[in-house]
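S.K.: A structural model of the following input is requested.
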Amino acid sequence: NIFSVDASHYGATYCWRRKHWRKLKSLDICLKTLVLDNYRGLKSQINFATFFIRNATKLENMIFTGGRSNGNAYFIARQQKLLEFEKRASKTAHFHFTTKKCYYDWVHIKDVHDLSIADPFECTC
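M.R.: As a prediction, this is how the structure comes out:
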């Protein structure tokens, strides 16, 4: 159960959380792994991630992939406080902050033969 979200598409506001909070709060979210790509620690991204941290009871891994600051000790400490890891629904969940290996936003497929490799979306720069 891997769910990957591109954090750059969350939107500037996070109104659905407030609007549908009561309905979603009663659901049992059974995600095991959640990957948030392009995570920068914006308020809307923090709210989105916090929803899953507090409600995903089967969560095992949550990966925050972003820019160079995601490896910064200050950034990680601040995010741990803002994301409220101590209030998580799954006590066995692990949280990982990683930096992007490649900052090239396009897919690295240049030729049809590139699709024959094990992971055609992996960076080859």
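S.K.: neighbouring contacts of stretch 56-73?
M.R.: 1, 7, 28-41, 49, 52-53, 75-76, 79, 88-90, 92-100, 103 (Cβ atoms under 8 Å, 6 or more residues apart in numbering). Heads up, the C-betas are built off the backbone N, CA and C, glycines and all.
S.K.: and the longest helix for the protein?
M.R.: Secondary structure of the chain read by DSSP state H shows that its longest helix is helix 43-55.
S.K.: Just checking: what are the partner strands of the very next helix or strand once past that one?
M.R.: Per DSSP states H and E, helix 43-55 leads on to strand 61-66 as the next helix or strand towards the C-terminus. According to DSSP bridges, strand 61-66 forms sheet pairs with strand 33-39 (parallel), strand 94-99 (parallel).
S.K.: Which one of these lies nearest to E84?
M.R.: With respect to E84, and counting by Cβ to Cβ, the nearest of the strands paired with strand 61-66 is strand 94-99 at 11.3 Å.
S.K.: Just the buried positions in the closest one, please.
M.R.: Judged by neighbour count using 16 or more other Cβ atoms under 10 Å, the buried positions of strand 94-99 are F95, F97.
S.K.: average pLDDT across that strand?
M.R.: Averaging pLDDT along strand 94-99 gives 91.
S.K.: same question, stretch 39-47
M.R.: The average pLDDT within stretch 39-47 is 91.
S.K.: Quote the end-to-end distance of stretch 57-65.
M.R.: Counting by Cα to Cα, to the nearest Å, you get 22 Å between the two ends of stretch 57-65.
S.K.: What of stretch 55-74?
M.R.: End-to-end distance for stretch 55-74: 26 Å, by Cα to Cα.
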